[in-house]
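Q: Sequence and predicted structure, then a few things I'm wondering about:
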Amino acid sequence: MPDNRKTGLVLVLGGARSGKSRFSETMLAQSGLDVHYVATAEALDGEMNERIAHHRASRPAQWATHEIPLDLPQALLAIDAPGRGILVDCLTLWITNLMMAGRDIGAAFDALAEACPKLRGRVVFVSNEVGLGIVPEHRMARDFRDHAGRLHQRIAALADEVYFVAAGLPLRMKG
Amino acid sequence: MPDNRKTGLVLVLGGARSGKSRFSETMLAQSGLDVHYVATAEALDGEMNERIAHHRASRPAQWATHEIPLDLPQALLAIDAPGRGILVDCLTLWITNLMMAGRDIGAAFDALAEACPKLRGRVVFVSNEVGLGIVPEHRMARDFRDHAGRLHQRIAALADEVYFVAAGLPLRMKG
Amino acid sequence: MPDNRKTGLVLVLGGARSGKSRFSETMLAQSGLDVHYVATAEALDGEMNERIAHHRASRPAQWATHEIPLDLPQALLAIDAPGRGILVDCLTLWITNLMMAGRDIGAAFDALAEACPKLRGRVVFVSNEVGLGIVPEHRMARDFRDHAGRLHQRIAALADEVYFVAAGLPLRMKG
């Protein structure tokens, strides 16, 4: 069972439709914190619109929503406050957005890693584990999963708790 | 070590060649129950024939075998009895069959979820975890892994025990 | 936390950029053993060269390095000695090399499985878990992940310890 602590950094990893978002939402909904939802998704096509709408319908209506496709470290520092919960869903889409926008991935990861220890609320990062299939054929996909793996390692090293979610069930990896 | 209980619903997840079928077969072989094997596979090509023959050779010869590509909920209710074990291998192939046949996936999942609490024997569902690679390029593959993830969450919520198998080693996620 | 035992067979599974190599290197670096590094990679293109250089830079400089793309069982028996640690990185590249060279996979796996019980030092096998995405489109990729899954099961059955690494965090599956 997840902690309902009021502070700390949490990383929730899982596959597609693993229940990782639901698990993270429930954790924060039960915390009693003032929760802010940070969506990294941009609704660029019909399929993505569907997925976003589906996710939105499952969240408590009173949560403030911020759409932050790129400047996540800065946004977290601006939104964060003691007694506040922040749900970031998800890091893998943030990486995709950075790549599509031609941003410096290393600098963006450094900025996020530097922001993390400054956060005073409870911050839950959701991210897709994408490195457990066969090597992708395209270089961009290989780069993407390398970036994702590296960021997961950095955030996990900073995190107070890390969960791996499969079939809706959390496995505690750290904390 | 797996339980050798006589009742209950079990979900066994794992990757390709993870040993999930072998683990499930051993669990039921050691239960002393009258075991019925429900194969969702249809032998449509040479490669699939090979895989089916390979699996069949590893099972106890006295197990009754049922080939049920589509109407799984109805078949389970018909086969089930107290003191009986049922091994369903596997849910992911069932989903593939439903999609190929143009069946209503939501209705099929509802029917399975409704059948589960009525089962009086020990029922072990084997399924492939398919959501831990990068996003597939084709819409049909994305839909497939969404369906698989959703079904795993539903069955896991109903199950008494859930295992994740890797390299032949079971990790107990629930129960 | 990993053991720093002086003997025994260890299998470390993980996805791409999961931290499995780093975890294995740290385990052996802290063992006090005379460590030999067995690289199965061959630098055939620029991208692979980059990955090899990246890995090499992270290892202690005094470790002897052996490049063994194909004849791994024989090499292990030759390098092994009491008080010695061997890090094999990685089994999945060895399988790829065997397939590309048209070697008999079954015979190679048998040879490795026969070599394992004869090893007197501490031998750590790193390998990629590749079976948790959707079924690959190409037959060769399907064969590859079948081979990998089968080898992981065999080595895991022989191993004293098995770890699954995600986001740099080890999950102990055996031992």
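A: Great, that's in hand. Numbering: from 1, shown residues only, chains lettered A, B, ... in the order given.

Q: With just CA atoms, put the longest helix seen in chain A into CSV.
A: Secondary structure assigned by DSSP state H gives helix A:139-158 as the longest helix of chain A. Only the C-alpha atoms of helix A:139-158 are listed here, as CSV (Å, rounded to 0.1, in the frame of the first residue of the first chain):
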residue,chain,number,x,y,z
ARG,A,139,17.4,5.5,-34.3
MET,A,140,14.9,8.0,-32.9
ALA,A,141,13.1,5.3,-30.9
ARG,A,142,16.4,3.9,-29.6
ASP,A,143,17.4,7.4,-28.5
PHE,A,144,14.0,8.0,-26.9
ARG,A,145,14.3,4.8,-24.8
ASP,A,146,17.9,5.6,-23.9
HIS,A,147,16.8,9.1,-22.7
ALA,A,148,13.8,7.6,-20.7
GLY,A,149,16.0,5.0,-19.1
ARG,A,150,18.6,7.6,-18.1
LEU,A,151,16.0,10.0,-16.7
HIS,A,152,14.3,7.2,-14.7
GLN,A,153,17.7,6.3,-13.1
ARG,A,154,18.3,9.9,-12.1
ILE,A,155,14.9,10.5,-10.7
ALA,A,156,14.9,7.1,-8.9
ALA,A,157,18.2,8.0,-7.3
LEU,A,158,16.6,11.3,-6.0
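
Q: Show me how far that helix is from its chain's centre.
A: 13 Å (C-alpha atoms, centre = their mean, to the nearest Å).

Q: Can you give the contact residues for that helix?
A: A:9, A:11, A:13, A:91-92, A:95-96, A:99, A:105, A:109, A:112-113, A:116-117, A:125, A:127-131, A:135-136, A:162, A:173-174, B:134, C:15-19, C:47, C:166-169 (C-beta atoms under 8 Å, 6 or more residues apart in numbering or on different chains). Glycine gets a C-beta too; all of them are placed from N, C-alpha and C.

Q: Any buried residues in that helix, and which?
A: Residues of helix A:139-158 classed as buried: A:141-142, A:144-157 (neighbour count, 16 or more other C-beta atoms under 10 Å in any protein chain shown).

Q: Repeat that for stretch A:119-133.
A: A:119, A:121-133.

Q: what about it and chain B, touching?
A: Yes - Stretch A:119-133 reaches chain B (C-beta under 8 Å from any C-beta of the partner chain) through A:Glu129, A:Val130, A:Gly131, A:Leu132, A:Gly133.

Q: Distance from the chain centre to that stretch, please.
A: The answer for stretch A:119-133 is 4 Å, by C-alpha atoms, centre = their mean.

Q: What of stretch A:94-103?
A: Using C-alpha atoms, centre = their mean, the offset of stretch A:94-103 from its chain centre is 15 Å.

Q: quick one, phi psi at the residue of chain A most remote from its centre?
A: Distance from the centre of chain A peaks at A:Glu137, with 26.0 Å (C-alpha atoms, centre = their mean). Torsion angles at A:Glu137 (phi, psi; degrees, to the nearest 10) stand at phi -70, psi -30.

Q: per-residue confidence at it?
A: A:Glu137 carries a pLDDT value of 91.

Q: now do A:Thr7
A: So A:Thr7 comes in at 79 (pLDDT).

Q: give me the beta-bridge partners of the nearest residue to it once chain neighbours are set aside?
A: What sits nearest to A:Thr7 in space, not counting adjacent residues and going by C-beta to C-beta, 6 or more residues apart in numbering or on different chains, is A:Arg122, at 5.4 Å. Counting by DSSP bridges, A:Arg122 forms beta bridges with A:Gly8, A:Gly85.

Q: try A:Leu169
A: Residues in beta-bridge contact with A:Leu169 (DSSP bridges): A:Ala166.

Q: That one is in contact with B:Tyr163, isn't it?
A: No - with contact defined as C-beta atoms under 8 Å, A:Leu169 does not count as touching B:Tyr163 (10.5 Å).

Q: Show me where chain A has its helices.
A: Using DSSP H, helices in chain A cover A:20-29, A:46-57, A:72-79, A:91-100, A:105-115, A:139-158.

Q: Is there proximity between stretch A:104-118 and chain C?
A: No - Stretch A:104-118 lies apart from chain C when judged by C-beta under 8 Å from any C-beta; the minimum separation is 12.4 Å.

Q: quick one: average confidence on that stretch?
A: Taken as a whole, stretch A:104-118 has a mean pLDDT of 98.

Q: got the buried residues for it?
A: Across stretch A:104-118, burial judged by 16+ other C-beta under 10 Å covers A:Ile105, A:Ala108, A:Phe109, A:Ala111, A:Leu112, A:Ala115, A:Cys116.

Q: Over to stretch A:8-26?
A: Quick answer for stretch A:8-26 (16+ other C-beta under 10 Å): A:9-25.

Q: can you narrow those to ones near chain C?
A: Restricting the buried residues of stretch A:8-26 to those near chain C - C-beta under 8 Å from any C-beta - leaves A:Leu11, A:Leu13, A:Gly15.

Q: Please flag which of the residues of stretch A:119-133 next to chain B sit within strands.
A: Judged by DSSP state E, strands contain none of those.

Q: Distance to C:Ile86 added to the helices of chain A, as a markdown table?
A: Shown next, in a markdown table, are these (distance: least, C-beta to C-beta, whole Å):
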| stretch | distance to C:Ile86 |
| --- | --- |
| helix A:20-29 | 37 |
| helix A:46-57 | 46 |
| helix A:72-79 | 42 |
| helix A:91-100 | 35 |
| helix A:105-115 | 33 |
| helix A:139-158 | 25 |
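
Q: Go through those and find the least confident stretch.
A: helix A:46-57 has the lowest average pLDDT among the helices of chain A, namely a mean of 74.

Q: residues making contact with it?
A: A:Ser21, A:Ala39, A:Ala41, A:Glu42, A:Ala43, A:Thr65, A:Asp89, B:Arg139, B:Arg142.

Q: Could you give me the buried positions within that helix?
A: Judged by neighbour count (16+ other C-beta under 10 Å), helix A:46-57 contains these buried residues: A:His55.

Q: and that helix, C-alpha only, in PDB?
A: Only the C-alpha atoms of helix A:46-57 are listed here, as PDB (Å, rounded to 0.1, in the frame of the first residue of the first chain):
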ATOM      1  CA  GLY A  46      -7.600  12.700 -32.400                       C
ATOM      2  CA  GLU A  47      -6.100   9.600 -30.700                       C
ATOM      3  CA  MET A  48      -4.200  11.800 -28.200                       C
ATOM      4  CA  ASN A  49      -7.300  13.800 -27.500                       C
ATOM      5  CA  GLU A  50      -9.200  10.700 -26.700                       C
ATOM      6  CA  ARG A  51      -6.500   9.500 -24.300                       C
ATOM      7  CA  ILE A  52      -6.300  12.900 -22.600                       C
ATOM      8  CA  ALA A  53     -10.100  13.100 -22.200                       C
ATOM      9  CA  HIS A  54     -10.200   9.500 -20.800                       C
ATOM     10  CA  HIS A  55      -7.500  10.400 -18.200                       C
ATOM     11  CA  ARG A  56      -9.100  13.700 -17.300                       C
ATOM     12  CA  ALA A  57     -12.500  12.100 -16.600                       C
END
